[in-house]
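>>> got a structure for you, letters missing:
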């Protein structure tokens, strides 16, 4: 199943390791990108659809715009929250006109029209708030230097250290553009991971960071956002983006989600984000309370029952409370690893043997597999989506590709280098090529091959965490969500079991390795007669 | 000590023994062999006859073509031109696996399978030809002077170098091979192991009477183990004959120098 080049909608819905019940109409796949606001809006979409009797399949935390939008336009997912500026600049690679800067509606009109033309993707009218880039400083610094606007910051910049996310530094709608538009420069610009940015600013390690205007953490760390007095940043209005098939065939979904258009203003969104990111309330709870407040759903009793994500509980207690969920995720993680590893063994060992017999091309093929290892996982996953959609199938194929190299390489070199004197003597005494392979070369290469399988297994356990980015689940799920919400405990609740899993898998394979190693290697000290 | 070709009149006990050796030996012959490795000529018009039951040593420096010539007889080297016969049959008319199972082979480092016990190594060719029995292994080990009960279950790395080479010899003979090719079989051994191996080889040959073609650097070894010696140089045969003939009437200055050097080395040892 996993090697099919084209996967139907029904298969994708069933691609989970568990059995999914199929309703009369296929469930609507609701996805998000991997940050807090996107998770929250996706949950709002999902609950609203469910309240109208529409079946939903949740695929939160798809990594990056390329993956989420890529999945949307091939109908692998049906809806996710996206921002007009991103749609314009990242997806359509369009440029911003002065009219669009002046009026966000012009930007929305352009994105909606072009997306429909090019991809058949439909943008519903915006939700009512912008989440644009926001340049933030500590309140104390803003006060002492009288910083109110980006022009003020440009004036004071040469004495300050900035900490920006890596993609913001390079983007034309990010720091690269700020430099040419405002003439802004800093003493130092440090690339920082989103998860540590706020803490670095609060602790004074940097003075300026990039953030999002609706970010809940701005309030938590008592930060001031500076006014974009030259209207440099493009409008980033949030809206629901719909897949071509849902846009065409599901007027019920279109009508339901349109109920949210214009209903969430910037103040409300910042408040909701604060509840999730700062107070640690569970996303489903916050989503339900929003829908109740908007009088779109009338069942507020959910709120009191759902457990809060936060509170002051320590890591171990938090971990203990999540144990059932964690073991489920770990089982799914292990299943992904074992399936990918099994497929890699089934293909890699024969491939290694075939390469050993065609040495002219062997180094080239092994080299190509090695190059595959250097493709960043996110990029590889993004390539998979047009072919395989999202979910388990593309994750398995990507993991399989990563696992293939060490197994193939070790099989090839293990068999090639197996005791040449013994192999030659066997040939000279009349053993056939097949007998030499099965009696001599494979048994002697077995420990080397198994070492390759062990390397693959450990790599795969690690890489399987990234499968969460294309909705395949596993222990990557809490890691991705925890990074998005700056919640260390959530990250650890995925990362610690993943590390233990890697150790366990390696130890189990060490036992197998001992069992297949040639008997003379298992004997104790050689006894000289 | 070295078995002669069967004489016309011999005591009856020897008739039996030599009738056996007569049955169990294959004549080897090569006619006008040419072979090159890339631009390097390895064999440049070589002809050689090894009568059934005799032992011939190929001597000469590295690159002289002696190993290539040896390997032409079990088709480990397919010569570009010329004709190779084993037991009168052109080797190209035989399947190479079938040919190799009839000819024993002992390489320099033994080439034992490190993950197989001594007994299993010795049983290799009988297993391939489907005539394996426990007796075959016992007989072959006893033949080379190794106690089957003591050595059968050991792995090659648990043996000394000399023992390993004797196991390799037992393996080369376990299927009652009628000819054996040996490529510097005792070259890597210390003097004592080498002398013991020489004795074992001579004993085995007296008992089984197979044809032997042996590559060696060591003229003394050639003298001990072979009936005749063939001196090779740059892909050609310089001289062939009994060791006494070649030593006393060297055909070329090279052969003369080869013997002179060997004797000088020996004399240095005597003086010390």
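Yes, it's here. Keep in mind the model is a prediction, meaning the values are calculated, not measured.

>>> Going along the chain, name the strands of chain B.
Using DSSP state E, the strands of chain B run over B:28-37, B:40-50, B:55-59, B:81-86, B:89-90, B:103-106, B:179-183, B:211-215, B:228-233, B:236-242.

>>> Please say whether there is contact between the fifth one and chain A.
No. With CB under 8 Å from any CB of the partner chain as the measure, strand B:89-90 is seen stopping short of chain A, the closest distance being 15.9 Å. No exception for glycine: its C-beta is placed from N, CA and C like everyone else's.

>>> Please name the nearest non-neighbouring residue to whichever residue of the stretch 201-350 of chain A sits closest to chain B.
Nearest residue of the stretch 201-350 of chain A to chain B, counting by CB to the nearest CB: residue A:349, 18.6 Å away. Counting by CB to CB, 6 or more residues apart in numbering or on different chains, residue A:349 lies nearest to residue A:411, which is 5.0 Å off, once chain neighbours are set aside.

>>> ok, the one you found - how many residues close by?
The number of residues packed near residue A:411 is 27, by other CB atoms under 10 Å in any protein chain shown.

>>> For it, grab phi and psi.
Phi and psi for residue A:411, reported as degrees, to the nearest 10, are phi -60, psi -50.

>>> my guess is it contacts residue A:351, does it?
Yes. Using CB atoms under 8 Å, residue A:411 is in contact with residue A:351, at 7.5 Å.

>>> Tell me which of the strands of chain B sits most buried.
Of those, the one with the most neighbours on average (mean count of other CB atoms under 10 Å in any protein chain shown) is strand B:103-106, at a mean of 28.

>>> Any part of it near chain A?
Yes. Counting by CB under 8 Å from any CB, chain A is contacted by strand B:103-106 at B:104-105.

>>> Residue A:423 reaches residue A:440, doesn't it?
Yes. With contact defined as CB under 8 Å, residue A:423 counts as touching residue A:440 (5.5 Å).

>>> and residue A:175, how many residues sit next to it?
22.

>>> Check what pLDDT the nearest residue to it once chain neighbours are set aside gets.
Distance criterion CB to CB, 6+ apart; nearest residue to residue A:175, sequence neighbours excluded, is residue A:169 at 4.9 Å. Looking at residue A:169, its pLDDT stands at 85.

>>> Next: the one 10 residues further on.
Per-residue pLDDT puts residue A:179 at 90.

>>> just the one 3 residues further on next, same as before
Predicted confidence (pLDDT) at residue A:182: the value is 92.

>>> How much space separates it from chain B?
Using CB to the nearest CB, to the nearest Å, one obtains 69 Å as the distance from residue A:182 to chain B.

>>> what about the residue of the stretch 151-272 of chain B found nearest chain A, how many neighbours?
Closest approach of the stretch 151-272 of chain B to chain A (CB to the nearest CB) occurs at residue B:155, with a separation of 3.9 Å. Counted by other CB under 10 Å, the residues lying close to residue B:155 total 21.

>>> Return the residues in contact with it.
A:519-520, A:523, B:114-118 (CB atoms under 8 Å, 6 or more residues apart in numbering or on different chains).

>>> what about 10 Å?
Residues near residue B:155 by CB atoms under 10 Å, 6 or more residues apart in numbering or on different chains: A:518-521, A:523, A:526, B:112-118, B:120-121.

>>> Verify the contact between residue A:133 and residue A:178 for me.
Yes. Judged on CB atoms under 10 Å, residue A:133 makes contact with residue A:178 at a distance of 9.1 Å.

>>> Quick one: neighbours of residue A:315, just the number.
Neighbours of residue A:315 under the rule other CB under 10 Å: 12.

>>> Skip the chain neighbours and tell me the closest residue to it.
residue A:489 (5.2 Å).

>>> what about that neighbour, which SS state?
helix (DSSP: H, G, I helix; E, B strand; the rest coil).

>>> Kindly confirm my reading that residue A:105 forms part of a strand.
No. Using three-state DSSP, the assignment for residue A:105 is helix, not a strand.

>>> thought it was touching residue A:126?
Yes. Applying CB under 10 Å as the test, residue A:105 and residue A:126 come out as touching, 8.6 Å apart.

>>> Spit out the residues that contact those two alike.
A:84, A:235, A:237.

>>> Contacts only, for the residue in chain A that chain B sits nearest to.
Nearest to chain B, among the residues of chain A, is residue A:425, at 2.7 Å (CB to the nearest CB). Applying CB under 10 Å, 6+ apart, we find residue A:425 in contact with A:419, A:431, A:436, A:440, B:105-107, B:109-113, B:121, B:124, B:168, B:171-172.

>>> Can you give me the neighbour number for the closest residue to residue A:174 other than its chain neighbours?
Setting aside the residues directly before and after it, residue A:174 is nearest to residue A:168 in space (CB to CB, 6+ apart), at 4.0 Å. Residue A:168 is flanked by 23 other residues according to other CB under 10 Å.

>>> Ok, residue A:412 next?
28.
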